[in-house]
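Novice: Requesting a structural model of the entry that follows:
(one chain, ligands or ions: 2)
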Amino acid sequence: MRLLPLIAALSAASLAVPAQAQEPAKAVTVSSPDGSLVVSIGAGNEGHPTWTVSRKGKLLIAPSRLGFLLTDGLPLDRGFAVTGSETATGDETWEQPWGERRFVRSHYNEAVVRFRQAEHRGARLLNIRVRVFDNGLGLRYELPEQPGLKTMNIAEELTEFRLVPKGTAWWIPGGEFNRYEQIYQKTPIDAISTAHTPATMRLDDGTHLAFHEAALVDYSAYWLKRADGQTFRTTLSPSSRGAKVVRDLPFATPWRTIRIADNASGLVENDLELNLNEPNKLGDVSWVQPGRYVGIWWGMISGKWSWATGAQHGATTQRTKQMIDFAKKHKFRGVLVEGWNKGWDGDWFGTGFDYSFTQSTADFDLKAVTDYARKQGVRLIGHHETGGNIAVYEAQLEDAMKLYGQLGVDVVKTGYVADAGGIIAPGDKPGEVRMEWHDGQRQVQHHLKVVQTAAKYRVAVNPHEPVKDTGLRRTYPNWVAREGARGMEYNAWGPFNNPPGHEAALVYTRMLAGPMDFTPGVLSLQGSNGVPMSSTLAKQLGLYLAIYSPIQMAADFPESLEAHPRELAFISQVPTDWAESHLVAGEVGEYAIFARKDRNSADWYVGGVGGAEEHSVTISFDFLEPGKTYTATIYKDAPGATYQTETRHAIAYETRKVRKGDTLELWLAPGGGAAMRLAAGK
Ligand code: NOJ
Ligand code: CA
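Specialist: Ligands and ions are numbered 1, 2, ... in the order given. Below you'll find the predicted structure:
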């Protein structure tokens, strides 16, 4: 890693690189610890900060430009020269308080390259840091303190990715009204328009990539916009203020990340973004407790009950106490109650101006139900639906979290139901509002404020209609889950049902970002008016292993859950905190079977989801401890089952002994899945 004339393995002539983005004249190169991934950064012709990436000797990202457009000054994109660089290496293993695996290794080489712009362009200073792991990389901009630039008013970030190999992509559009709640599209890479991240790709040679970002703090999220061919550029989520991001110097941007792996399991068993986030800032977080929960929820989502007061009101004291009894009986830690607070009458898709986060409706006694829950050893899970009105919510935030903290409500689900661009933020003067985006800088600031305020009162947070996850749970471990994709709720809404391959797409896309509050466990397999789901019964159990979250709901009505005693028995003990997690079989968008080891026992759990087509998979029990015999309790699709007919309810059970080295043939129905507990014996 030194300044060297670029005679890199990549010859510009063989690449047909257009003149505006040639190999940098001087570049700093940095390789991953195993040497497979090589990144070089330098000043291209006309002084554009430029980067390239190659893997195993093949060019992945052709010379691509870096920089910024400003609203109030010349762009930071040309006329730069490299003035110096430093390199470093890191290798540490850190422990997660909860998660998919207990220990995470972070092993990388890094370089920071210092650029200075020409005198006549403002002599501004820009540092670019790249951190290269064996399974991916992160690149960020660092703006040091400098005389000529005090505040950056960023009109756009110009990070370019000129992807060379062809392949297939799985993605959802950025900037659309429904935020992240879209069905994943599978297209050639060059048919992407503007994608949210994580955006996943499988190159024709089998290499798997995922573009994303890490440590999104006080900045706008980026969308991956295709410029032409396979050239992509960052597009920052908008702001009402003209500049998409406003920051005082010094500051660093989020990391632009690319996971790079030989296969699907390398993509999934990959902690790149977590490793690029800062360590836990909250200290002792033993109060953040993983667990399963039920709630007064599916009744509203499926239209039987209402959030609003009246005859249909779901959140009554009596119903909540019954739900607490049910939770206690079946070993659920939490009971979610939505629609408990004043101001939510009328349209459920409200504007939030009348919402109270401290006052209950007349038929819901918050103190009585939390007292009752405490006696039963169950926790109430709180709910703050804002209707996207963060002006109203922020004004009550401290009081609202304090109240929950005092009552022992240690998880709160928040919500920002509003179309994209519909976040109502406080304006500069009293009474003024500003309209913002769910993933713009203002809302990114808001989420962190909520998480930090909640932490003061030992409350964990689970936002719906959130900003995407970028690994901040490492820094703030009370940020336990979020929505940020189409969850189970769509299966309650008839024609908007999730397609049978939806979850098998989620595993390799949305789930790369972090835990999702998908809310599985609708054992009736039907939504409102009896409209069937694209799921078998076994898949409902498989979801607990495919879609990771430290808080996992069993979403169905208690009577539906109790109508399936064997399935309820599985859900009542499936862990939500793991020592290890491995994708043992899977292909992007088709199926995903995980093996996960319980963090609190020697037991393993295996299972996951199929897709639209049937699949036969062979599970090798290589991960088990040698010399031990495990009793496997297996739940699988009955022969001939399919999501398309009443056979979706057909499930088969089996119990057998397994040992390390054994294999098992598993058939996944169309829209199917499987789950098993491997109880450790001697
Ligand atoms: C949408 C959320 O995803 C859902 O879980 C919640 O019940 C409603 N908003 C109301 O807050
Ligand atoms: Ca939602």
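Novice: buried set for stretch 275-283?
Specialist: Within stretch 275-283, the residues scored as buried using 16 or more other CB atoms under 10 Å are 275, 276, 277, 280, 282. For every residue, glycine as well, the C-beta is placed using N, CA and C.
Novice: How about stretch 74-82?
Specialist: Across stretch 74-82, burial judged by 16+ other CB under 10 Å covers 75, 76, 77, 78, 79, 80, 82.
Novice: before we move on, what about stretch 299-307?
Specialist: 299, 300, 301, 302, 305, 306, 307.
Novice: can you tell me which of those residues are in helices?
Specialist: Of the buried residues of stretch 299-307, the ones assigned to helices by DSSP state H are 299, 300, 301.
Novice: Quick check: which of those residues are also close to ligand 1?
Specialist: Of the residues in these, proximity to ligand 1 by CB under 6 Å from any ligand atom holds for residue 301.
Novice: In TSV: the ones in helices among the buried residues of stretch 299-307, plus pLDDT and distance to residue 123.
Specialist: Compiled in TSV, these are given as follows (pLDDT from 0 to 100; distance: CB to CB, whole Å):
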residue	pLDDT	distance to residue 123
299	97	64
300	97	59
301	96	57
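Novice: What residues does the chain have near ligand 1?
Specialist: Within the chain, the residues that sit near ligand 1 (CB under 6 Å from any ligand atom) are 297, 301, 338, 385, 415, 417, 464, 483, 489.
Novice: that older thread, mind putting the buried residues of stretch 74-82 in JSON lines, pLDDT included?
Specialist: Converted to JSON lines, those look like this (pLDDT from 0 to 100):
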{"residue": "75", "pLDDT": "98"}
{"residue": "76", "pLDDT": "98"}
{"residue": "77", "pLDDT": "97"}
{"residue": "78", "pLDDT": "97"}
{"residue": "79", "pLDDT": "97"}
{"residue": "80", "pLDDT": "98"}
{"residue": "82", "pLDDT": "97"}
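Novice: hang on, the earlier thing: how about the buried residues of stretch 299-307, which pair is most distant?
Specialist: Between any two of the buried residues of stretch 299-307, the greatest separation by CB to CB is 12.7 Å, found for 302 and 307.
Novice: Spell out, range by range, the helices that occur in the stretch 201-350 of the chain.
Specialist: For the stretch 201-350 of the chain, applying DSSP state H, counting those that start in this stretch gives helices covering 264-268, 272-275, 298-301, 317-329.
Novice: Need the CA coordinates for the third one. CSV is fine.
Specialist: The C-alpha atoms that make up helix 298-301 are tabulated as CSV, following Å, rounded to 0.1, in the frame of the first residue of the first chain:
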residue,chain,number,x,y,z
TRP,A,298,-53.9,-9.0,13.7
GLY,A,299,-57.5,-8.1,14.6
MET,A,300,-57.0,-4.5,13.4
ILE,A,301,-54.9,-5.4,10.4
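Novice: What are the contacting residues of it?
Specialist: 305-307, 314, 338-339, 348, 489, 492, 522, 555-557 (CB atoms under 8 Å, 6 or more residues apart in numbering).
Novice: residues touching the residue nearest to residue 115 when sequence neighbours are not counted, list them.
Specialist: In space, and not counting its chain neighbours, residue 115 is closest to residue 80: 4.3 Å by CB to CB, 6 or more residues apart in numbering. Taking CB under 8 Å, 6+ apart as the criterion, residue 80 is in contact with 43, 47, 48, 49, 115, 116, 117, 118, 126.
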